[in-house]
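# Sequence and predicted structure are below.
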Amino acid sequence: SSLKNMRRSERILIAVDVLLQSKSSFMSVFLMAFMMKASLSDSPQDFVVYCIVRYAIMGVLSVLLIPFFKKHPLVAWRSSMVFSILEILTIILFNSWQGFIYVTAIFSALESTLYWRPKIIFDTQEVSDENRVSFKSTGQILLEIAKIIMPIILGFTIDASGYQNAAIFILVISITQLILSLFFHPRRQTVKNHDIKGSLKQLFAHESLQRLLWLQL
């Protein structure tokens with residue numbers, strides 16, 4: 001009933017987020033296992049290199065792409081799903097290539113960086129105040145369900161048919177994400193400049209915000 005009362009854009013934001021969560025374990029613990037099996041020494045070295053390259057690129061892009069996020073948040077958000085598709089295709093088609101680790105890390109970094117900044121913007125600007133509590137609670141419930149169910153499904157699928165065949169299932173999820181994003185039309189296409197001083201004043205004026213930040217930390 002909560003979902004029915006939401007606007008279409010709010011439901012799409014939740015659905016795309018759940019689909020992203022559904023593939024997270026595939027690109028973490030299962031990817032590490034796959035890279036270790038592909039290694040002659042059964043070492044996690046390849047996955048460690050993948051993580052280092054991925055996070056380094058994410059850090060650089062998070063700064064360089066700030067003007068792009070502000071002017072074109074929707075383009076950035078949809079582009080993240082294109083890179084998600086390229087990321088999975090790389091795993092399916094080029095996993096035996098030595099450069100596979102680096103290309104996958106680049107695509108993964110682009111996907112994550114382009115997704116999360118616009119996602120935060122849309123969660124703030126596009127979710128109505130009357131639906132905000134339902135949006136957050138319903139979305140979180142569905143995310144937790146995906147966290148529990150998807151690793152089990154992926155584990156059985158990988159055990160039965162291998163990691164590469166399971167990647168086809170993840171590819172379908174990524175394509176579905178992109179299709180859903182095409183039906184998302186935000187009310188505002190640009191983002192106002194952040195007022196750092198104003199934000200700090202709000203923070204010091206509300207003890208509840210300070211407690212929330214300490215809890216997050």
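Right, received. Where do you want to start?

# secondary structure element for residue 5?
Take DSSP states H and E as the rule and residue 5 turns out to sit in neither a helix nor a strand.

# How about residue 180?
helix 163-181.

# in that helix, what counts as buried?
163, 166, 167, 169, 170, 171, 173, 174, 177, 178, 180, 181 (16 or more other CB atoms under 10 Å). (Each C-beta comes from the backbone N, C-alpha and C, glycine too.)

# How about stretch 62-80?
For stretch 62-80, by 16+ other CB under 10 Å, it's 65, 68, 69, 70, 72, 73, 74, 76, 77, 78, 79, 80.

# How about the contacts made by the third one?
It stands for residue 69. 76, 117, 118, 121, 191 (CB atoms under 8 Å, 6 or more residues apart in numbering).

# Which of those are buried? Put it as a PyMOL command.
In PyMOL, a selection of the buried entries from the contacts of residue 69 looks like this (16+ other CB under 10 Å):
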select buried, resi 76+117+118+121+191
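
# Make JSON lines out of the contacts of residue 69 and add secondary structure.
Shown next, in JSON lines, are these (DSSP: H, G, I helix; E, B strand; the rest coil):
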{"residue": "76", "secondary structure": "helix"}
{"residue": "117", "secondary structure": "helix"}
{"residue": "118", "secondary structure": "helix"}
{"residue": "121", "secondary structure": "helix"}
{"residue": "191", "secondary structure": "coil"}
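
# Return the member of the contacts of residue 69 nearest to residue 10.
Each of the contacts of residue 69 was scored against residue 10 by CB to CB, and residue 121 proved nearest at 14.1 Å.

# Just the pLDDT for that closest one.
Looking at residue 121, its pLDDT reads 87.

# can you put the buried residues of stretch 62-80 in TSV and add pLDDT, distance to residue 91 and secondary structure?
TSV is the format used below for the buried residues of stretch 62-80 (pLDDT from 0 to 100; distance: CB to CB, whole Å; DSSP: H, G, I helix; E, B strand; the rest coil):
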residue	pLDDT	distance to residue 91	secondary structure
65	91	24	coil
68	90	27	helix
69	88	27	helix
70	84	32	helix
72	89	28	coil
73	90	28	helix
74	92	27	helix
76	94	23	helix
77	94	22	helix
78	94	21	helix
79	95	19	helix
80	95	17	helix
